[in-house]
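Undergrad: Any chance you could fold what I've pasted below:
(2 chains)
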Amino acid sequence: QSALTQPRSVSGSPGQSVTISCTGTSSDVGDYDYVSWFQQHPGKAPKLMIYDVTKRPSGVPDRFSGSKSGNTASLTISGLQAEDEADYYCCSYAGSVVFGGGTKLTVL
Amino acid sequence: QVQLQESGPGLVKPSQTLSLTCTVSGGSISSGLYYWSWIRQPAGKGLEWIGLIYSSGSTKYNPSLKSRVTISVDTSKNQLSLKLSSVTAADTAVYYCARVNTYESSGENAFDIWGQGTMVTVSS
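TA: Numbers count the residues shown, from 1 in each chain, chains lettered A, B, ... in the order given. Take a look at the predicted model:
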(Lines give C-alpha, C1' and ligand atoms only; values in the text may rest on other atoms or scores of the structure.)
Protein backbone atom coordinates (compact mmCIF):
# COMPACT_ATOMS: atom_id res chain seq x y z
CA GLN A 1 0.00 0.00 0.00
CA SER A 2 1.28 3.45 -0.86
CA ALA A 3 0.82 6.43 1.41
CA LEU A 4 -2.46 8.28 1.07
CA THR A 5 -2.33 11.73 -0.52
CA GLN A 6 -3.31 14.79 1.49
CA PRO A 7 -2.82 18.50 0.77
CA ARG A 8 0.18 19.87 2.62
CA SER A 9 -1.82 22.73 4.09
CA VAL A 10 -5.26 24.28 4.32
CA SER A 11 -6.49 27.37 6.07
CA GLY A 12 -9.67 29.06 7.14
CA SER A 13 -11.00 31.85 9.29
CA PRO A 14 -12.80 31.32 12.59
CA GLY A 15 -16.39 30.26 12.03
CA GLN A 16 -15.76 29.03 8.50
CA SER A 17 -15.69 25.45 7.26
CA VAL A 18 -12.68 23.66 5.84
CA THR A 19 -12.37 20.30 4.16
CA ILE A 20 -9.26 18.14 4.06
CA SER A 21 -9.06 15.51 1.36
CA CYS A 22 -7.36 12.13 1.49
CA THR A 23 -6.88 10.28 -1.77
CA GLY A 24 -6.11 6.60 -2.01
CA THR A 25 -6.88 3.95 -4.57
CA SER A 26 -9.65 1.56 -5.50
CA SER A 27 -7.79 -1.05 -3.43
CA ASP A 28 -7.88 0.83 -0.14
CA VAL A 29 -10.02 3.95 0.40
CA GLY A 30 -12.27 3.07 -2.50
CA ASP A 31 -12.87 -0.50 -1.45
CA TYR A 32 -13.16 -0.37 2.34
CA ASP A 33 -15.05 1.84 4.78
CA TYR A 34 -12.10 1.89 7.15
CA VAL A 35 -10.83 5.44 7.04
CA SER A 36 -9.88 7.21 10.25
CA TRP A 37 -8.69 10.75 10.94
CA PHE A 38 -6.33 12.00 13.61
CA GLN A 39 -5.63 15.46 14.99
CA GLN A 40 -2.15 16.22 16.28
CA HIS A 41 -1.10 19.37 18.09
CA PRO A 42 2.63 20.19 18.25
CA GLY A 43 4.49 17.95 20.67
CA LYS A 44 1.39 15.89 21.42
CA ALA A 45 0.20 12.42 20.54
CA PRO A 46 -2.38 12.09 17.77
CA LYS A 47 -6.05 12.02 18.75
CA LEU A 48 -8.70 9.94 17.00
CA MET A 49 -11.35 12.22 15.51
CA ILE A 50 -13.17 10.00 13.00
CA TYR A 51 -13.20 6.26 12.33
CA ASP A 52 -14.99 4.03 9.84
CA VAL A 53 -15.24 7.06 7.49
CA THR A 54 -18.04 8.84 9.35
CA LYS A 55 -18.11 7.78 13.01
CA ARG A 56 -17.09 10.12 15.82
CA PRO A 57 -15.67 8.82 19.09
CA SER A 58 -17.32 10.02 22.26
CA GLY A 59 -16.17 13.51 23.16
CA VAL A 60 -15.30 14.68 19.64
CA PRO A 61 -17.37 17.73 18.71
CA ASP A 62 -19.95 17.27 15.98
CA ARG A 63 -18.20 20.09 14.10
CA PHE A 64 -15.96 17.32 12.82
CA SER A 65 -17.43 15.08 10.16
CA GLY A 66 -16.12 12.54 7.70
CA SER A 67 -17.23 11.36 4.30
CA LYS A 68 -16.03 9.39 1.31
CA SER A 69 -16.58 9.48 -2.42
CA GLY A 70 -14.84 6.96 -4.60
CA ASN A 71 -11.16 6.82 -3.74
CA THR A 72 -11.19 10.06 -1.76
CA ALA A 73 -12.12 10.50 1.87
CA SER A 74 -12.69 13.91 3.42
CA LEU A 75 -12.66 15.50 6.84
CA THR A 76 -14.81 18.59 7.23
CA ILE A 77 -14.48 20.94 10.16
CA SER A 78 -17.30 23.43 10.48
CA GLY A 79 -17.43 26.47 12.74
CA LEU A 80 -13.64 26.63 12.75
CA GLN A 81 -12.08 27.50 16.10
CA ALA A 82 -8.57 28.58 17.02
CA GLU A 83 -7.92 25.30 18.84
CA ASP A 84 -8.56 23.37 15.63
CA GLU A 85 -5.20 24.56 14.33
CA ALA A 86 -3.19 21.36 14.15
CA ASP A 87 -1.90 18.67 11.82
CA TYR A 88 -4.46 16.18 10.54
CA TYR A 89 -3.72 12.68 9.29
CA CYS A 90 -5.95 10.27 7.46
CA CYS A 91 -5.45 6.54 7.77
CA SER A 92 -6.86 3.61 5.89
CA TYR A 93 -7.06 -0.07 6.58
CA ALA A 94 -7.23 -2.56 3.72
CA GLY A 95 -5.46 -5.56 5.14
CA SER A 96 -2.64 -3.30 6.25
CA VAL A 97 -2.58 0.17 7.75
CA VAL A 98 -1.33 3.23 5.90
CA PHE A 99 -1.34 6.90 6.83
CA GLY A 100 -1.56 10.01 4.72
CA GLY A 101 1.27 12.50 4.71
CA GLY A 102 -0.59 14.95 6.91
CA THR A 103 -2.22 18.34 6.43
CA LYS A 104 -1.41 21.44 8.42
CA LEU A 105 -4.55 23.40 9.24
CA THR A 106 -4.02 27.08 9.92
CA VAL A 107 -6.78 29.13 11.50
CA LEU A 108 -6.33 32.67 10.20
CA GLN B 1 -9.30 5.19 32.34
CA VAL B 2 -6.78 3.32 30.25
CA GLN B 3 -3.39 4.97 29.83
CA LEU B 4 -0.34 3.95 27.85
CA GLN B 5 3.27 4.83 28.69
CA GLU B 6 6.24 4.09 26.45
CA SER B 7 9.71 3.58 27.88
CA GLY B 8 13.14 2.57 26.67
CA PRO B 9 16.58 3.87 25.68
CA GLY B 10 16.58 7.24 24.02
CA LEU B 11 19.79 6.50 22.14
CA VAL B 12 20.61 3.38 20.12
CA LYS B 13 23.74 2.72 18.09
CA PRO B 14 23.52 1.89 14.39
CA SER B 15 23.14 -1.83 13.61
CA GLN B 16 21.89 -2.55 17.13
CA THR B 17 18.37 -3.51 18.22
CA LEU B 18 15.90 -0.91 19.42
CA SER B 19 13.78 -2.19 22.32
CA LEU B 20 10.78 -0.34 23.72
CA THR B 21 8.09 -1.16 26.24
CA CYS B 22 4.58 0.19 26.55
CA THR B 23 2.93 -0.19 29.95
CA VAL B 24 -0.85 -0.31 29.99
CA SER B 25 -2.57 0.99 33.12
CA GLY B 26 -6.26 1.21 34.00
CA GLY B 27 -7.19 -1.86 31.98
CA SER B 28 -6.04 -5.29 30.91
CA ILE B 29 -3.88 -5.78 27.85
CA SER B 30 -5.49 -9.21 27.59
CA SER B 31 -8.95 -7.83 26.77
CA GLY B 32 -10.25 -9.46 23.63
CA LEU B 33 -11.87 -6.21 22.58
CA TYR B 34 -8.61 -4.51 21.68
CA TYR B 35 -5.46 -4.97 19.68
CA TRP B 36 -2.22 -3.14 20.35
CA SER B 37 -0.04 -1.30 17.89
CA TRP B 38 3.19 0.62 17.42
CA ILE B 39 3.41 3.74 15.27
CA ARG B 40 6.36 6.06 14.74
CA GLN B 41 6.94 9.61 13.56
CA PRO B 42 10.28 11.07 12.46
CA ALA B 43 10.77 14.67 13.50
CA GLY B 44 8.75 17.00 11.31
CA LYS B 45 7.30 14.13 9.29
CA GLY B 46 4.19 12.01 9.15
CA LEU B 47 3.03 8.90 10.94
CA GLU B 48 4.20 5.43 9.98
CA TRP B 49 2.44 2.28 11.15
CA ILE B 50 4.90 -0.33 12.40
CA GLY B 51 2.62 -3.23 13.28
CA LEU B 52 0.12 -4.69 15.70
CA ILE B 53 -0.53 -7.67 17.90
CA TYR B 54 -3.92 -9.32 18.09
CA SER B 55 -5.58 -10.53 21.28
CA SER B 56 -4.67 -14.05 20.11
CA GLY B 57 -0.99 -13.13 20.19
CA SER B 58 -0.53 -13.26 16.43
CA THR B 59 1.01 -10.27 14.73
CA LYS B 60 0.86 -8.19 11.58
CA TYR B 61 3.67 -5.90 10.44
CA ASN B 62 4.26 -3.11 7.96
CA PRO B 63 5.71 -4.90 4.92
CA SER B 64 8.52 -2.35 4.70
CA LEU B 65 9.68 -3.20 8.25
CA LYS B 66 8.57 -6.80 8.56
CA SER B 67 12.01 -8.38 8.38
CA ARG B 68 13.26 -6.30 11.34
CA VAL B 69 10.25 -6.00 13.65
CA THR B 70 8.98 -8.09 16.54
CA ILE B 71 5.96 -7.08 18.63
CA SER B 72 5.01 -9.07 21.71
CA VAL B 73 2.91 -8.86 24.85
CA ASP B 74 3.73 -9.75 28.45
CA THR B 75 0.34 -10.24 30.04
CA SER B 76 1.82 -10.73 33.53
CA LYS B 77 3.25 -7.21 33.37
CA ASN B 78 0.46 -5.73 31.23
CA GLN B 79 3.09 -4.58 28.78
CA LEU B 80 3.52 -4.38 25.03
CA SER B 81 7.00 -4.47 23.54
CA LEU B 82 8.70 -3.54 20.29
CA LYS B 83 12.00 -4.77 18.96
CA LEU B 84 13.47 -3.31 15.79
CA SER B 85 16.75 -4.81 14.66
CA SER B 86 19.60 -3.49 12.53
CA VAL B 87 18.62 0.12 13.08
CA THR B 88 19.94 3.03 11.04
CA ALA B 89 19.56 6.79 11.30
CA ALA B 90 16.33 6.43 9.31
CA ASP B 91 14.79 4.76 12.35
CA THR B 92 15.22 7.90 14.44
CA ALA B 93 11.70 8.92 15.45
CA VAL B 94 9.15 9.34 18.19
CA TYR B 95 7.65 5.93 18.84
CA TYR B 96 4.05 5.63 19.99
CA CYS B 97 2.08 2.68 21.27
CA ALA B 98 -1.65 2.79 20.63
CA ARG B 99 -4.76 0.78 21.35
CA VAL B 100 -6.84 -0.48 18.44
CA ASN B 101 -10.52 -0.39 19.31
CA THR B 102 -12.12 -3.39 17.68
CA TYR B 103 -15.25 -3.05 19.81
CA GLU B 104 -16.31 0.00 17.83
CA SER B 105 -14.73 -0.85 14.49
CA SER B 106 -14.03 -3.95 12.45
CA GLY B 107 -11.07 -2.21 10.91
CA GLU B 108 -7.63 -2.13 12.44
CA ASN B 109 -7.06 1.63 12.29
CA ALA B 110 -9.29 2.99 15.07
CA PHE B 111 -6.34 3.93 17.29
CA ASP B 112 -8.36 5.38 20.15
CA ILE B 113 -5.79 5.65 22.93
CA TRP B 114 -2.16 6.66 22.47
CA GLY B 115 0.86 6.88 24.70
CA GLN B 116 2.69 10.19 24.93
CA GLY B 117 5.48 8.85 22.73
CA THR B 118 9.16 8.29 23.32
CA MET B 119 11.97 9.76 21.23
CA VAL B 120 14.59 7.34 19.97
CA THR B 121 17.74 8.57 18.26
CA VAL B 122 19.97 6.23 16.29
CA SER B 123 23.51 7.52 16.42
CA SER B 124 26.99 6.35 17.25
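
Undergrad: How about the residues of chain B by chain A?
TA: Applying CB under 8 Å from any CB of the partner chain, we find that chain B lies next to chain A at B:37, B:46-49, B:52, B:60, B:62-63, B:96, B:101, B:104-112, B:114-117. To be clear about C-beta, it is placed using only N, CA and C from the backbone, and glycine gets the same treatment.

Undergrad: Pick out the residue nearest the middle of the chain.
TA: Let's take chain A. The centroid of chain A falls nearest to A:Trp37 when counting by CA atoms, centre = their mean (3.9 Å).

Undergrad: My question was about chain B, not that one.
TA: B:Trp38 (2.3 Å).

Undergrad: With adjacent residues omitted, what lies nearest to it?
TA: B:Ile50 (4.1 Å; CB to CB, 6 or more residues apart in numbering or on different chains).

Undergrad: What pLDDT is listed against the one you found?
TA: Note on B:Ile50: pLDDT of 98.

Undergrad: Quick check: phi and psi at it.
TA: As for B:Ile50, its main-chain torsions (degrees, to the nearest 10) stand at phi -100, psi -50.

Undergrad: Verify the stated contact: the residue nearest to the centre of chain A with A:Cys91.
TA: Yes - the pair A:Trp37 / A:Cys91 is scored as a contact, 7.3 Å apart, by CB atoms under 8 Å.

Undergrad: Remind me which helix or strand the nearest residue to B:Thr118 once chain neighbours are set aside belongs to.
TA: Spatial nearest neighbour of B:Thr118, excluding adjacent residues (CB to CB, 6+ apart): B:Glu6 at 4.0 Å. In the assignment (DSSP states H and E), B:Glu6 maps to strand B:3-7.

Undergrad: Quickly run through the sheet partners of that strand, with directions.
TA: Strands that pair with strand B:3-7, judged by DSSP bridges, come out as strand B:18-25 (antiparallel).

Undergrad: got a list of contacts for the strand it pairs with?
TA: Applying CB atoms under 8 Å, 6 or more residues apart in numbering or on different chains, the set of residues contacting strand B:18-25 from outside is B:2-9, B:12, B:36, B:38, B:77-85, B:87, B:91, B:95, B:97, B:99, B:115, B:118, B:120, B:122.
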